[in-house]
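Student: Got a sequence here, can you model it:
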Amino acid sequence: MQAAGVGFAGGLIPRRAHKKSKNGCRTCKVRKVKCDERRPLCRNCERHFVNIVECDFEGHVTVLQQAGEASSIVPAPVPVVSADIQAPPNTAIGLVGRQAEPLGIAPAVASGRLDPFNARPRTNVANFSVDALMSHYLTDFAYRSFPIYASRPLIELWWPFVREDELTFHVTLLLSSIDLEKLQTGSESIRTRELLDQCLQLLNQRVADPVAGVSDHTIVSIACLAAVEHDKDNMKALSMHTAGLKQAVGIRGGLEAIRSTCSMTANFIFWISMISTHEPSLLQLGYGDLHNPPRWFHEREAQPLLTHSGNFVDLLDFGVDVPTANLLREIQRLTKLYTTALDGEPAEEATNILSHLCSVIDSLFQLSREQTMDAVIPGLSQSCRLAGCLHILTPMSGYFPNPTLMLHTLVRDLKSSLTQVLSSLAGRSTHLLLWLLAVGGITAHSMPERSWFVGHLVVAITDLDISNWDRFREYLVALAFHDNFCDISFQALWVEVERKRATLDPVREQHFEGWCSAQVEEGSARVREVGIRVR
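Tutor: Residues are numbered from 1 along each chain as shown. Below you'll find the model as predicted:
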C-alpha cells in the first residue's frame, strides 16, 4: 500500500474531494457520510430514508412522517389567552393547567442519541426512530403526562423503571409516537400501528406467565394501553384493558398491597382507572374503605381559616361536615407542598405527596357517593367535595391521560349542588362560596356552564366588596390555590367577571330590585285597602 500522495507528480497531495462537514446532522455522522448541511432535510437522508422530514441537527431531533404524507409540519395549536393578560415569555400556557417548563433532565438521560446497549431494551424499531421518539418523550411529552407533570424528581424514578422492561419501554415509545403525530399530522401513522401491534404481542406473551403477568411493569403497561384507548374513544378496547387491569390488581391483593411495594405503580393504576371511567361514581379501583379511615378523618380539630372579613373562621363554622372539612384542610396543606416537591424535593418526597393526593381524591369521590345530610346548608359539603376534586384535577386538563370528560361531569354536578347552596344562603355570599364558584368557573372555561359561574361570581364579589384581581386572588389563596398551576386561568376568569359586572352594573340592579319591592308592597297595601272597603 502506498503512502498518501505517492503516485502523483512531485509527491503533491490533492485537496479533499469535498469540504469536511462540522455542522452536519447526527444521522450522517453515524453513517460516516458527507452531510451537505441542507436544512431542514439534507440530501443524504432524503435519499436514504422514506419517512423523514427533518434531520437531527444540533439542537433539533429527527422528525418522521408516514410514507406518502406531505413533508410539511403542522405546528401545535397555540392556546388562546385573554388579551388583557400577558403570558410570560418562553412558556407554553393552556387555558387551564400548569405552565409547561423544560424538565432539565440530566444529559445522560435526555441525550438525543441513546446508547442502544445500556439505555434501552431490545427492539425491532429502527435506531433513529427510537432516538427521535425517546427524545420527544423525555424533552416534551413526559412533563405533560402522569405521573411526572414537570417534576424533575419524578422523572428520575420513572425513566429507569421504563427502560428496564421491554413491554413498558415499547408502550412508552407508542405514547411518544401518538403524541408526536398529534403535533405534526393529526393522523395515525404506520409506525404507530406497528408499535401498537408489537405492544399487544408482548403483552400477550407476558400475561401467559402467572408471575410476570401481574408484575408492576405489566400492570403499568396495561394501564397505559387503557389510557391510549381512552383518548381514542375506543370503548371496547378500553373496557377490555380495564377489566384486565382490575383482575391483575385483585390478584396482587389490591392497590394498598401494590402501594406497599411500589407507590408509583399504585398511583399510576389509580389515576388511569379514575380518568378512564369518565364518571367518578363508577371508579373501579380505589385505595381505601371509608369504614376504615385514617385517625384524623373524623377528628373535630379546629384549624382557623382567614376569611374575607379579616376574621379567622373554621370550616365547620361554614356548615361543612367533619370528614369533608378535614379533607379540604389536607388539600390546603398538600397544595403548598406539591408545587415545592415538583421543583426540587427528593424523588421519594414527591412520590409520597403524590400518593397522599391520590388518597385524598379517592376519599372525596367515596364521600360524594355517600348519602349524607348537611346539618346547616343543603348541598354545601357535597359542593366542597366536588370542588376539592376539581382543584386537584383541573391543572392536569389537557395532559395525558386527559381528564377533560370527567372534569365536565364534575362541573355539572358542582353546579347542581351549588344551586341548593345558593337557595339556602338567600343572597348571602361567603368566602367559601367565592372559592367554590371560582374553582368551578375556571374548569368550565369551554362549557356552557361557564356563564352561570361568572354570573354568580359577579354577585359574590359585589357582596364581598372585591374590586381588583389582587384582592380576588388573596381570598382564593387563603383557602387553596395552585400558585404555579392556574394563576393565568383564574386571572382570565376575573377579567370575564369584571366585564360582566360592568355590563350588568349590579348597583343599578339593586336599586331596581328595591324599587320593584317597594312597588309590590305599595300595590299589596292598596289591594288590602280596597278589600277592606269592599267588606
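
Student: Could you pull up the residues touching K336?
Tutor: By C-beta atoms under 8 Å, 6 or more residues apart in numbering, the contact list for K336 is empty. Quick note: C-beta positions are derived from backbone N, CA and C, even for glycine.

Student: Checking it next. Helix, strand or coil?
Tutor: helix (DSSP: H, G, I helix; E, B strand; the rest coil).

Student: With D470 as the reference, measure out to it.
Tutor: According to C-beta to C-beta, to the nearest Å, K336 stands 19 Å off from D470.

Student: repeat for S423
Tutor: 31 Å.

Student: and what of F453?
Tutor: 21 Å.

Student: if you count what's nearby, which of the two comes out ahead?
Tutor: F453 (27 against 9; other C-beta atoms under 10 Å).

Student: With adjacent residues omitted, what lies nearest to the more buried one?
Tutor: Excluding its sequence neighbours, the residue lying closest to F453 (C-beta to C-beta, 6 or more residues apart in numbering) is G441, at 3.7 Å.

Student: ok, then the element right after the helix or strand in which V171 is found?
Tutor: Using DSSP states H and E, V171 sits within helix 166-184. With elements assigned by DSSP H and E, the helix or strand that comes after helix 166-184 is helix 190-207.

Student: wait, isn't G379 in contact with L414?
Tutor: No: G379 is beyond contact range of L414, at 9.8 Å (criterion: C-beta atoms under 8 Å).

Student: neighbour count winner among those two?
Tutor: Each of G379 and L414 has its neighbours counted (other C-beta under 10 Å); L414 has more, 27 against 19.

Student: Which strands or helices does the host helix or strand of that one pack on?
Tutor: Using DSSP H and E, L414 sits in helix 404-425. Other elements packing on helix 404-425 under the criterion 3 or more C-beta pairs under 8 Å, 6 or more residues apart in numbering; DSSP states H and E are helix 380-393, helix 431-443, helix 450-463.

Student: among those, which is nearest S215?
Tutor: helix 380-393 (28.6 Å; C-beta to C-beta).

Student: mean confidence for the helix holding L414?
Tutor: What helix 404-425 shows for mean pLDDT is 91.

Student: neighbouring contacts of that helix?
Tutor: Defining contact as C-beta under 8 Å, 6+ apart, one finds that helix 404-425 is touched by 274-275, 277-280, 368, 377-380, 382-383, 386-387, 389-390, 393-394, 397-398, 433, 436-437, 439-440, 443-444, 447, 449, 452-453, 456.

Student: Which positions within that helix qualify as buried?
Tutor: Neighbour counts using 16 or more other C-beta atoms under 10 Å place 404, 406-415, 417-418, 420-422 of helix 404-425 among the buried residues.

Student: which among these gets closest to K182?
Tutor: Nearest to K182 among those, with distances taken as C-beta to C-beta, is T404, at 14.7 Å.

Student: Next one: that closest one from A142, what distance?
Tutor: When C-beta to C-beta is the yardstick, T404 and A142 sit 20 Å from each other.

Student: same deal with Q201?
Tutor: Taking C-beta to C-beta, one finds Q201 at 25 Å from A142.

Student: now do V125
Tutor: Distance, V125 to A142, by C-beta to C-beta: 19 Å.

Student: now do R252
Tutor: Taking C-beta to C-beta, one finds R252 at 26 Å from A142.

Student: which residues touch the residue lying closest to I251 once chain neighbours are set aside?
Tutor: Nearest non-adjacent residue to I251, counting by C-beta to C-beta, 6+ apart: V214, 4.9 Å away. By C-beta under 8 Å, 6+ apart, V214 lies in contact with A248, I251, R252.

Student: and V214, how far is that from A257?
Tutor: For V214, the distance to A257 - C-beta to C-beta - is 11 Å.

Student: host element of C35?
Tutor: Counting by DSSP H and E, C35 is part of no helix or strand.

Student: What is the neighbour count of the closest residue to it other than its chain neighbours?
Tutor: Using C-beta to C-beta, 6+ apart and skipping the chain neighbours, the partner closest in space to C35 is G24 (2.8 Å). Neighbour count for G24, taken as other C-beta under 10 Å: 20.

Student: and G24, helix, strand or coil?
Tutor: Assigned with three-state DSSP, G24 falls in the coil class.

Student: Need the phi and psi values for it.
Tutor: phi -70, psi 170 (degrees, to the nearest 10).

Student: That one contacts E37, doesn't it?
Tutor: Yes: look at G24 against E37 with C-beta under 8 Å: they come within range, at 5.6 Å.

Student: Overlap in contacts, those two.
Tutor: Contacts common to G24 and E37, judged by C-beta under 8 Å, 6+ apart, are F57.

Student: S429 - that's part of a strand, no?
Tutor: No: under three-state DSSP, S429 falls outside any strand and is assigned coil.

Student: how much space between it and A460?
Tutor: Taken as C-beta to C-beta, the span from S429 to A460 is 4 Å.

Student: Next: W158.
Tutor: 41 Å.

Student: Same check on L405?
Tutor: 28 Å.

Student: before we move on, what about L154?
Tutor: Taking C-beta to C-beta, one finds L154 at 37 Å from A460.

Student: same check, this time on E370
Tutor: 28 Å.

Student: and if you look at C224?
Tutor: Between C224 and A460 the distance is 42 Å, computed by C-beta to C-beta.

Student: now do A237
Tutor: From A237 to A460 the distance is 45 Å (C-beta to C-beta).

Student: between the two, who's got more neighbours?
Tutor: With neighbours defined as other C-beta under 10 Å, A237 and A460 compare such that A460 has more, 24 against 15.

Student: For the more buried one, list the residues it contacts.
Tutor: With C-beta under 8 Å, 6+ apart, A460 has these contacts: S429, L433, L434, L437, I466.

Student: got it, and L328?
Tutor: So L328 contacts L315, V320, C384, G388, L479, A480 (C-beta under 8 Å, 6+ apart).

Student: between these, which is nearest R499?
Tutor: For these, the closest approach to R499 (C-beta to C-beta) belongs to L479, at 24.6 Å.

Student: was I right about the closest one contacting I331?
Tutor: No: between L479 and I331 there is no contact under C-beta under 8 Å: 9.0 Å.

Student: so who does V162 touch?
Tutor: T168, F169, T172.

Student: gap between the last one and E166?
Tutor: Summarising the geometry, the distance separating T172 from E166, computed by C-beta to C-beta, is 11 Å.

Student: Between these two, which is the more surrounded one?
Tutor: Using other C-beta under 10 Å, the more surrounded residue of T172 and E166 is T172, with 28 against 18.

Student: And the pLDDT for the residue lying closest to the more buried one once chain neighbours are set aside?
Tutor: Leaving aside its sequence neighbours, T172 sits nearest to V162 (C-beta to C-beta, 6+ apart; 5.1 Å). Per-residue pLDDT puts V162 at 90.

Student: So V162, which state does it fall into?
Tutor: Secondary structure, three-state DSSP: V162 is helix.

Student: try A237
Tutor: Going by three-state DSSP: A237 is helix.

Student: Next, the contact list for it, please.
Tutor: L225, E229.

Student: Kindly report the same for N234.
Tutor: No contacts exist for N234 under C-beta under 8 Å, 6+ apart.

Student: List phi and psi for it.
Tutor: Dihedral angles (degrees, to the nearest 10) for N234: phi -90, psi 90.

Student: Next: L464.
Tutor: According to degrees, to the nearest 10, L464 has phi -90, psi 0.

Student: Need the pLDDT of A67.
Tutor: pLDDT, A67: 36.

Student: can you check L173 too?
Tutor: 94.

Student: excluding its backbone neighbours, what's nearest it?
Tutor: L133 (5.0 Å).

Student: quick one: contacts for that neighbour?
Tutor: With contact set as C-beta under 8 Å, 6+ apart, L133 has these partners: V125, L173, S176, S177, L180.

Student: same check, this time on V171
Tutor: V171 makes contact with C199, S221, C224, L225, according to C-beta under 8 Å, 6+ apart.

Student: domain assignment for the protein?
Tutor: 1-60, 295-504 (automatic domain parsing).
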